[in-house]
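Asks: Provide a 3D model corresponding to the input given below.
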Amino acid sequence: MSHRSAPYSRKDPTFSAKSRSTWEVVRRVSVYLKPYKLMAFATMAFALLSTGFSLAFPKLAHLIIDDVILSKNAAHLTRYGIGLIGAFLFRDLFNSLRIRINNIFEQNVIFDMRRAVYARLQRLPVGYFDQRSSGDLMTRVLEDVNSVERVLIDGTEQGTVAILSIIVVLVILFWTNPLLAAVALIPIPLLAGGALWYTLTAHRRYRLQRESASAMNALLMDNLQGVRQIKAFGHENHEDSRFANRADDLRKGSLAVMRVWAWYSPAMTFAASLGVSLVLWLGGRQVLDGKLLPGQLVEFLLYLSFFYEPIRQLHALNQMLQAARAGGERVFDILDASVERADSQSRKELHIPVRGEVVYTNVSFGYSNAKPVLHNVSLHARAGEMIALVGPTGAGKSTLVNLLPAFYEITSGNITIDGQNIGGTELESLRKHISVVSQEAFLFNGTIRENILYGKLNATEEEMIGAAKAANCHDFICRLPEGYDSRVGERGVKLSVGEKQRVSIARALLKNAPILILDEATASVDTGTEKLIQEALERLMRNRTSFVIAHRLSTIRKANQILVMQHGEIIERGTHDGLLATGGLYARLARIQNTTFIEDSFEKLTAVE
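Replies: The predicted structure follows:
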């Protein structure tokens with residue numbers, strides 16, 4: 001029996017968003033209309049023309065009833081019939097033009113909004129993504145942008161046309177019969193009160209619905225990425241239950257929204273019907289008393305439908321507006337997030353050529369103020385040196401190297417490259433001169449060619465193949481049916497661990513940056529593959545300043561400096577032979593290391609002590 005997981009809103013508060021007023025959301029999304037003002041004007045113009053020809057129908061119906069049917073005069077029937085057909089023809093013609101332009105308008109705005117949100121995501125700091133689910137961000141970029149776009153386009157066109165139609169028809173109604181027009185306004189307070197109630201009630205439910213969708217999509221993305229682990233542990237039923245819980249949250253959230261609309265929409269329809277009934281009752285009495293012709297009553301009732309219909313449209317737009325407000329809050333949470341330090345005129349490019357001398361001076365850093373990770377770390381890496389970082393899990397090795405490309409901003413101290421403080425350096429210039437080879441080689445879902453060329457997008461075929469040969473992956477690529485155009489699958493799933501590592505090394509070789517950050521892979525590979533990888537890494541590190549997070553002592557014996565880290569501090573530093581001679585922690589580690597990875601030896605050493 002499965003246990004229901006905790007509600008998503010309590011489990012991950014990042015699914016929620018800052019509350020914003022309806023006006024703020026409308027004001028901000030309207031910015032995306034400005035480049036298409038001509039299209040917006042044309043759409044509204046054609047909509048108004050279409051509506052205008054529709055308004056001819058009640059008058060023609062009145063004339064046909066009174067002048068033709070009741071008068072038994074067929075002389076005007078053809079003329080009125082042609083007029084009626086012409087009105088419908090032009091109504092539908094202008095409506096067709098409206099739809100065509102509106103479709104282009106709509107897709108252009110969606111494109112601009114999605115691009116703006118995606119561009120913002122690209123410029124947010126790494127820490128932003130550390131705290132958020134990919135599935136939630138996907139929901140915001142795809143689904144929430146759509147909900148904002150709908151009210152943006154429909155609200156602009158339909159809302160404007162509806163309001164103008166209400167004004168024009170109201171004038172016609174009072175011009176035609178002031179008494180019946182006044183009676184028709186009796187339901188307006190009910191309609192306005194209902195709209196206010198719905199606005200206050202629906203928004204909270206829409207927020208919960210969007211958060212439920214994010215929670216479900218986040219779980220779905222996790223499961224798709226971890227499908228092998230799920231199958232390896234035989235937890236398909238468990239994951240079915242987890243997904244059912246999340247989907248049930250979304251189902252309940254959607255039903256809560258629909259429940260409010262189910263009360264609101266029929267109540268508004270009834271209020272409008274009440275107005276029609278009162279008009280029909282009073283108008284019928286006027287017809288019986290000879291104060292009003294039957295055709296005039298029909299004309300008034302038809303105009304009355306043109307009055308209540310745009311009011312109904314405004315109620316439907318209000319429903320869309322509350323959904324858009326909830327979606328807009330989540331979209332603007334991304335657009336308002338603080339970007340990585342902005343490159344300005346005060347920031348300089350790294351001086352060319354970059355030699356690769358790196359100095360950390362009293363650097364401290366914490367992911368939160370309450371828990372610092374690095375404490376007054378200082379180091380000096382000369383150009384072309386190999387700096388090896390060793391230490392137990394959680395010692396701060398990865399954090400230390402992630403500060404060099406400014407993935408995170410340091411709390412205190414400074415870091416320089418060739419004497420130039422990276423805090424005053426343009427990020428693009430800084431990162432252009434640093435290559436990163438991660439512990440788990442990440443490949444994009446494309447071809448091998450595309451993944452290698454990611455290191456240098458404008459590289460020639462010869463440069464790409466040269467990098468592949470230097471990374472010892474050219475031969476296995478050539479054995480694939482489609483060679484360099486073979487697709488690697490999501491995260492490179494179609495390649496072996498060793499193959500992915502070599503492709504990622506080729507990518508770094510092609511970038512040819514003077515500084516390298518290498519997090520040595522911990523995955524086990526066969527002896528032959530490991531030899532190929534080590535050869536590729538040696539070529540990659542040659543003549544580059546290299547920071548290597550080492551997991552095997554065998555890979556760091558030739559390091560110019562070995563930094564032993566513990567609890568966010570460098571407790572020992574020196575060469576392999578020098579550290580052995582001092583008899584410190586590194587020496588004791590080397591004596592007992594007969595396991596695969598350094599971290600295991602640290603745990604064993606700690607247990608012994």
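
Asks: Centroid-nearest residue for this protein?
Replies: If you average the C-alpha coordinates of the chain and look for the closest C-alpha using Cα atoms, centre = their mean, you land on Val141, 3.2 Å from that point.

Asks: now the longest helix seen in the chain, how far from the chain's geometric center?
Replies: Looking across the chain with DSSP state H, the single longest helix is helix 236-288. Between the centre of helix 236-288 and the centre of its host chain there is 31 Å, according to Cα atoms, centre = their mean, to the nearest Å.

Asks: Let me know the average pLDDT across that helix.
Replies: Confidence for helix 236-288, expressed as mean pLDDT, is 87.

Asks: What strand or helix carries the closest residue to Lys511 other than its chain neighbours?
Replies: Beyond its immediate neighbours in the sequence, the residue positioned closest to Lys511 (Cβ to Cβ, 6 or more residues apart in numbering) is Gly455, lying 3.8 Å away. From N, CA and C alone the C-beta is placed, and that goes for glycine too. Here Gly455 is covered by no helix or strand, with elements defined by DSSP states H and E.

Asks: ok, Gly455 to Val437 distance?
Replies: Separation of Gly455 from Val437 (Cβ to Cβ, to the nearest Å): 11 Å.

Asks: Show me which of those two is the more surrounded one.
Replies: Higher neighbour count among Gly455 and Val437: Val437, with 24 against 21, using other Cβ atoms under 10 Å.

Asks: could you list every residue that touches the more buried one?
Replies: For Val437, the contacting residues are 504-505, 508, 516-519, 540, by Cβ atoms under 8 Å, 6 or more residues apart in numbering.

Asks: quick one: least confident of those?
Replies: When these are compared by pLDDT, Asp519 scores lowest at 85.

Asks: Report the buried residues of stretch 468-477.
Replies: In terms of neighbour count (16 or more other Cβ atoms under 10 Å), stretch 468-477 has its buried residues at 468-474, 476-477.

Asks: got it, and stretch 436-456?
Replies: Buried positions in stretch 436-456, judged by neighbour count with 16+ other Cβ under 10 Å: 436-437, 441, 443, 447-456.

Asks: Now do the end-to-end distance for it.
Replies: Using Cα to Cα, to the nearest Å, the gap from the first to the last residue of stretch 436-456 comes to 14 Å.

Asks: quick check: mean pLDDT across that stretch?
Replies: Rounded to a whole number, the mean pLDDT of stretch 436-456 is 88.

Asks: Centre of the chain to that stretch, how far?
Replies: Centre-to-centre, stretch 436-456 and its host chain are 22 Å apart (Cα atoms, centre = their mean).

Asks: go on, stretch 286-305?
Replies: Between the centre of stretch 286-305 and the centre of its host chain there is 55 Å, according to Cα atoms, centre = their mean.

Asks: Which residues outside that stretch are in contact with it?
Replies: 55, 57-59, 61-67, 70, 169, 172-173, 176-177, 180, 184, 275-276, 279-280, 283-284.

Asks: Could you tell me the end-to-end distance of it?
Replies: From its first residue to its last, stretch 286-305 covers 20 Å (Cα to Cα).

Asks: Could you give me the buried positions within it?
Replies: Taking 16+ other Cβ under 10 Å as the neighbour-count basis, stretch 286-305 is seen to contain the buried residues 286, 292-293, 295-304.

Asks: neighbours of Arg484, just the number please.
Replies: Rather than Arg, residue 484 is Tyr. The burial count assigned to Tyr484 is 19, neighbours taken as other Cβ under 10 Å.

Asks: what's the nearest residue to it if we skip its chain neighbours?
Replies: What sits nearest to Tyr484 in space, not counting adjacent residues and going by Cβ to Cβ, 6+ apart, is Arg449, at 4.2 Å.

Asks: go on, Ala256?
Replies: Ranked by Cβ to Cβ, 6+ apart and with sequence neighbours excluded, the top spatial neighbour of Ala256 is Arg205, at 4.5 Å.

Asks: Do I have it right that Thr399 meets Phe365?
Replies: Yes. Using Cβ atoms under 8 Å as the test, Thr399 is close enough to Phe365 to be in contact (6.3 Å).

Asks: shared neighbours, these two?
Replies: Jointly contacting Thr399 and Phe365 under the rule Cβ under 8 Å, 6+ apart are 373-374, 408.

Asks: In a markdown table, list the residues you listed along with pLDDT and neighbour count.
Replies: Listed next are these as a markdown table, based on pLDDT from 0 to 100; neighbours: other Cβ atoms under 10 Å:
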| residue | pLDDT | neighbour count |
| --- | --- | --- |
| Val373 | 90 | 20 |
| Leu374 | 93 | 24 |
| Tyr408 | 89 | 18 |
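
Asks: Filter those down to the ones in strands?
Replies: When the shared contacts of Thr399 and Phe365 are checked against strands (DSSP state E), the matches are 373-374.

Asks: Out of the shared contacts of Thr399 and Phe365, the closest to Asn217 would be?
Replies: Closest approach between the shared contacts of Thr399 and Phe365 and Asn217, by Cβ to Cβ: Tyr408, at 27.3 Å.

Asks: I'd like the distance between that closest one and Glu24.
Replies: Taking Cβ to Cβ as the measure, Tyr408 and Glu24 are separated by 31 Å.

Asks: Equivalent analysis for Val359, please.
Replies: 47 Å.

Asks: what about those two, which has more around it?
Replies: Counted by other Cβ under 10 Å, Val359 and Glu24 do not tie: Val359 has more neighbours, with 17 against 14.

Asks: tell me what the helix or strand containing the more buried one is packed against?
Replies: Val359 belongs to strand 358-368 when assigned by DSSP H and E. Using 3 or more Cβ pairs under 8 Å, 6 or more residues apart in numbering; DSSP states H and E as the contact criterion, the elements in contact with strand 358-368 are strand 371-381, helix 397-402, strand 412-417.

Asks: among the ones you listed, which is nearest Ser96?
Replies: Across these, Ser96 has its closest neighbour in helix 397-402 (56.8 Å, Cβ to Cβ).

Asks: Domain-wise, how is this protein divided?
Replies: Following automatic domain parsing, the chain resolves into domains at 21-335, 437-512.

Asks: Now find how far off-centre stretch 450-460 is within its chain.
Replies: 26 Å.

Asks: can you give me the end-to-end distance of it?
Replies: When the termini of stretch 450-460 are compared using Cα to Cα, they are 12 Å apart.

Asks: for stretch 129-144, same thing?
Replies: Counting by Cα to Cα, the length from the leading to the trailing residue of stretch 129-144 is 18 Å.
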